[in-house]
Each structure stands twice: as structure tokens, then as C-alpha cells.
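Asks: any chance you can model this:
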Amino acid sequence: MKLFIYEMVCGGGAALPSDCDGQLAQINDFLTLPALVADGSAMLLSVAQYCQTLPAVEIIVTVDSRLESLARTLKSRGVTVRVVDVRDPWSQFVHACRDADRCIVIAPELNSLLRLAIEKCNAGGHGKLIGPDQDLLAIGVDKVLLHQWADAHEILMPGWAHLRGEKCDVSYLDDTLVLKPISGTGGIGIRKVLSHSLPSEGEWLVEEFVRGESYSVSAIFHQDGFTMVPPWRQEFGGADGFEYVGGSICGDKNVTERLNEWAFSVFDRLPSGHSRGWISLDGIVADREIYMIEVNPRITASFNSLCEISSFVPYQELQSTNVTELMSAAIWGNERST
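Replies: Now for the predicted structure:
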């Protein structure tokens, strides 16, 4: 069976500078994202290496022609590499989607790049995507749509407003706010502001600032539903404190129980349809409440570490399992029941 793994930054889907091999990239709308090529390369290498542990699978990737060292490393590990001509960055992608039995797309939510890649994947190989259905993708890439969906389903998120270039009434919100791009990833462009200093131009999401500890809970969706993996404690840094810098498995039993109960309720209400694969929720654990912050319809940074857990008993299940078994079920269809 052939599995195509597409990491957008290194796979030819972005206009990389000609001297980016082994260096940091500054790519059009990604100007504020540090270590873009390095992060993308690490993610691609890690996911490809992990997927090679799945039974009877050939891994196919696309690599930008200027990333020669990355291509050599992948080839040395037995991965089939298709080199992408940057003058035609989507051609190899479409061919790989058609040739593969299954496809995994890893791309940032910035400027709907994840949506674009998934649309092209579905056009090139309908039914092969290990990823979100259209409705789940929509709330994952648009923060305003996510808030509207959460309000309709009575899922707690921070108080919010939609700022669209004109004066915005935020009198019903707290004075300390968080300003976010409508479509973004990795904390790019997010900053804390006061209610009287909102920008007068552009389109933004404004949220109340919530104090608490940041966590993510991921689930692997498969034919029979979804299975949750252990919660992940997130650490943030950077100039404004919103840049993801790492994390670890939640070690607090009480917090783990709260997060599992909360996440199961949210996952159960997501418009998942026929979604398959890795879906994550970001949340803030406050004193009495858990606030949902984001839905990430793709493989996230915690994937690599959570794959290393040899076995765990998922929430509301009795039988131990691991990420390899669950991803195999999502990809190939030899499902376990939730």
C-alpha cells in the first residue's frame, strides 16, 4: 500500500527562496514564522519515519528541488522522494495523490493554505485523504466560524468580537483582549491588546484574555468513531507569549480527567462526517472552567512525542492501545471500536 505524506512548506507548495536549503525561510505571508523550513523538515522526517512502522506500507513524499539535503536524508531512510520543480509546485502533488492509496496533508492554516492543499488532494484522489471533512475543515481554518459553531453548540470559548476595519463594539468584553488573525497558525500575529487600542484596519478576531494553563487533547478518527490519546500540556513563549515552544504529557491526574471529559464532549459534537486521522483541540484550563481555543484538523506538534507511548488505555475504553494501532485503523480501515 502506498501512503503519500505531504508537508506543504518542504513539499513544494510554498514559494521558497532559492537559497533556503538548510537555512531559515521567509516565505511571502510566512514572514513572521521562525525556522519555517527547519520545522517543516523535522515534521516531515518524523512523520515519515513513524509511518514506516506501519505494516506493509511504502512512503511517498514530495520535496522542493532546492532542499537537496532533505531529499537525500529521506531517500537514505527508504522513502520514495518525488522532487518538485518550483515553477510547477502542484504537478507532483496531484500525481502523488492519484498514485497513492492514502494521503496525509500537513499544512498551516495561514491564508487557507490547508484548505487549498486538501481541495487539491481530493481533486487528485477522491476518498484517499486521511484528514478532515469539509465542515470540520471550515471551523478549523476560520476562527470566526469556530466561535459561531461553538456558540450554537454551547461550547465555552472566550468572549469574542469580529473586527472588520471599522469601529468595533467591545464594551461587553473585558479590557484585556487577545487580537488574532482570522486564519493563522503557530501563534503568528497574535498579541495582547487593551480594548482602547484595537487596530482600525484589517480583519481580526478579538477574544477576552483567559488566564490558565494551556493544553491540547488529540483524537484519531477512524471508521468507527474516534479514540482519544493522552492530554498534552503546552508551553508558549516568544515576544508576546503566544509562540508554541514545546510541551509534555499532562502529569496531573485530576486535570487529565477534566480534560478527557471536556474533550470527549467536544469531539462528539464536531461536524466530523467521514473525517479520518489526527484532530486536536486546544484549550485553557481555568479555575472552574475549560475554554476551547482552537480546533486543529491536522497532525500537530505533539504527534511525535505521543507516538512514543508504547501503550495507554484511552478515555472511556477498557483495552490498551497505541498511536500505531489507531493510525493504522484510520489509514487502512482495520478499525478498532470506540
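Asks: counting contacts, what elements does the helix or strand of the chain with the lowest mean pLDDT pack onto?
Replies: Counting by mean pLDDT, DSSP states H and E, the chain has its least confident helix or strand at helix 113-124, which shows a mean of 83. Applying 3 or more Cβ pairs under 8 Å, 6 or more residues apart in numbering; DSSP states H and E, we find helix 113-124 packed against helix 91-99, strand 102-106, helix 134-141. All C-beta spots, glycine's among them, are computed from the backbone N, C-alpha and C.
Asks: burial count for the closest residue to residue 211 other than its chain neighbours?
Replies: For residue 211, ignoring the flanking residues on the chain, the nearest one in space by Cβ to Cβ, 6 or more residues apart in numbering is residue 286 at 6.7 Å. Residue 286 has 13 neighbours, counted by other Cβ atoms under 10 Å.
Asks: so what's residue 286 up against?
Replies: 210, 211, 212 (Cβ atoms under 8 Å, 6 or more residues apart in numbering).
Asks: sec struct for the second one, please.
Replies: Reduced to three states with DSSP: H, G, I helix; E, B strand; the rest coil, the structure at residue 211 is coil.
Asks: distance of it from residue 285?
Replies: Taking Cβ to Cβ, to the nearest Å as the measure, residue 211 and residue 285 are separated by 10 Å.
Asks: strands of the stretch 151-300 of the chain, start to end?
Replies: In the stretch 151-300 of the chain, strands defined by DSSP state E, counting those that start in this stretch lie at 160-164, 176-181, 191-194, 203-208, 213-222, 225-228, 232-237, 243-249, 277-285, 290-296, listed in chain order.
Asks: let me see the domain layout of the protein.
Replies: As given by automatic domain parsing, the domain ranges for the chain are 2-129, 137-141+212-332, 159-208.
Asks: quick check: end-to-end length of the longest one?
Replies: Across domain 2-129, the straight-line distance between its terminal residues is 12 Å, by Cα to Cα, to the nearest Å.
Asks: what does the second one give?
Replies: Distance between the boundary residues of domain 137-141+212-332 (Cα to Cα) amounts to 21 Å.
Asks: let's number from 31 now, not from 1
Replies: All set: I'll call the first residue 31, so the last point we hit is now domain 167-171+242-362.
Asks: average pLDDT for it, rounded please.
Replies: Domain 167-171+242-362 comes out with an average pLDDT of 93.
Asks: number of residues surrounding residue 264?
Replies: Residue 264: 22 surrounding residues under other Cβ under 10 Å.
Asks: swap that for residue 318, sorry
Replies: 5.
Asks: how about residue 343?
Replies: 11.
Asks: residue ranges with poor pLDDT in the stretch 81-230 of the chain?
Replies: Residue ranges of the stretch 81-230 of the chain with pLDDT under 70: 140-142, 155-157, 196-197, 214-217.
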